[in-house]
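1. coordinates only, sequence not included:
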Ligand SMILES: [Zn+2]
């Protein structure tokens with residue numbers, strides 16, 4: 001992995017220093033902070049605060065505020081960083097986005113089912129929107145240590161992770177002098193987007209973690225087997241000698257047997273600890289990607305129920321962002337308006353009929 005990937009401590013320090021505060025390390029992953037004015041709100045109006053940047057110091061120092069993924073303080077810092085500094089705003093180059101009809105793209109990509117489906121043939125609305133890019137450092141620590149840098153992009157309009165975006169990032173050209181009015185189509189806060197990014201990260205990492213867990217489990221089994229074999233023969237040997245020993249030598253062998261049993265337990269428990277997978281993730285950087293997209297409405301009607309949904313064409317991804325089922329949350333190329341007004345996918349519709 002890249003050695004330049006900043007960790008949580010680097011991110012927190014950078015935020016505090018950027019805001020004009022001071023951060024002094026007290027011990028590993030424990031810092032004392034002179035809170036700058038700009039961050040007073042996030043820190044409950046305190047001037048001085050200790051921050052624990054990992055679980056262990058957080059447990060050892062209950063007076064310290066934990067700054068861990070999901071904590072309100074980290075969210076506050078991300079929110080702050082979202083405006084300046086290392087959580088940067090970027091303006092990907094996507095060429096001119098001219099208002100035009102995206103009806104063709106909608107018809108090709110999504111089938112709607114309702115009594116009446118009303119598409120707009122008019123020009124789609126050009127409007128500035130944003131994605132949030134979260135870069136995570138994922139550590140998979142067991143008897144070995146593996147670190148990977150992985151990125152999740154969440155659409156701040158739909159609140160959905162945009163998997164297709166991650167693949168585009170390495171080649172993404174950004175406009176260094178870019179600027180634009182504040183994105184108008186932001187419906188999801190950076191904190192909410194971060195929560196969803198964490199969920200997406202977990203889902204993405206799950207198969208890898210499971211595979212690794214299996215591998216480590218097999219290594220543990222092999223090591224445990226070797227250890228058991230060694231102690232079985234040692235104990236067998238000691239018991240034989242105990243049988244043959246004169247009465248005055250017996251206590252010495254009994255002690256040796258007890259010691260061997262104790263040692264075996266200790267080494268087995270050591271192995272179990274060593275071969276346990278401890279996955280963790282740290283947020284390394286955040287940036288928002290701001291650029292215009294095209295939005296067009298679709299109106300669905302059925303027996304007095306009328307719903308309007310909006311579809312979005314993304315010029316960087318180069319296609320329509322797929323809408324999602326309101327029941328299961330999955331992206332869908334077929335959406336049906338139900339009697340209760342929900343717009344659901346084919347699988348959810350089939351489930352209703354079953
Ligand atoms: Zn569904």
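-> Ah, there it is. As the structure is a prediction and not an experimental result, all values here were calculated from the model.
2. what bridges to residue 149?
-> Note on residue 149: beta-bridge partners by DSSP bridges are residue 137.
3. Does it touch residue 139 like I think?
-> No. Residue 149 lies out of contact with residue 139 (Cβ atoms under 8 Å); the separation is 10.7 Å. For every residue, glycine as well, the C-beta is placed using N, CA and C.
4. so how far is stretch 90-109 from its chain's centroid?
-> In terms of Cα atoms, centre = their mean, to the nearest Å, the centre of stretch 90-109 is found 28 Å from the chain centre.
5. ok, residue 333 - contacts?
-> Residues counted as contacts of residue 333 (Cβ atoms under 8 Å, 6 or more residues apart in numbering) are 109, 110, 111, 322.
6. can I get those residues in CSV with pLDDT and neighbour count?
-> Shown next, in CSV, are the contacts of residue 333 (pLDDT from 0 to 100; neighbours: other Cβ atoms under 10 Å):
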residue, pLDDT, neighbour count
109, 95, 16
110, 96, 17
111, 96, 13
322, 93, 18
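7. What segments of the stretch 1-150 of the chain are helices?
-> 8-18, 55-60, 72-81, 103-109 (DSSP state H, counting those that start in this stretch).
8. Could you list the residues in contact with the first one?
-> This means helix 8-18. 6, 22-23, 29, 31, 33, 35-36, 39, 51, 53-54, 67-68, 74, 77, 80-81, 84-86, 282-285.
9. in the longest strand seen in the chain, what's buried?
-> Looking across the chain with DSSP state E, the single longest strand is strand 278-302. For strand 278-302, burial by neighbour count (16 or more other Cβ atoms under 10 Å) applies to 279, 281-296, 298-300, 302.
10. and the gap between residue 289 and residue 126?
-> 17 Å (Cβ to Cβ, to the nearest Å).
11. Likewise for residue 153?
-> 21 Å.
12. Would you mind telling me which of these two has more residues around it?
-> residue 153 (24 against 16; other Cβ atoms under 10 Å).
13. I'd assumed residue 162 was in contact with the more buried one.
-> Yes. The pair formed by residue 153 and residue 162 meets the contact definition of Cβ under 8 Å, at 4.9 Å.
14. tell me, what's touching those two both at once?
-> Any residue near both residue 153 and residue 162 by Cβ under 8 Å, 6+ apart counts here, and that gives residue 131.
15. Show me where the stretch 151-300 of the chain dips below the pLDDT cut-off.
-> Scanning the stretch 151-300 of the chain for pLDDT under 70 picks out the ranges 180-181.
16. Which one of the residues in it is closest to the ion?
-> Minimum separation of the stretch 151-300 of the chain from the ion (Cβ to the ion) falls at residue 160, amounting to 13.6 Å.
17. residues touching that residue, list them.
-> Counting by Cβ under 8 Å, 6+ apart, the residues that residue 160 touches are 154, 196, 321, 324, 331.
18. how about 7 Å then?
-> Residue 160 makes contact with 154, 324, according to Cβ atoms under 7 Å, 6 or more residues apart in numbering.
19. can you check residue 29 too?
-> 9, 52, 53, 54, 57.
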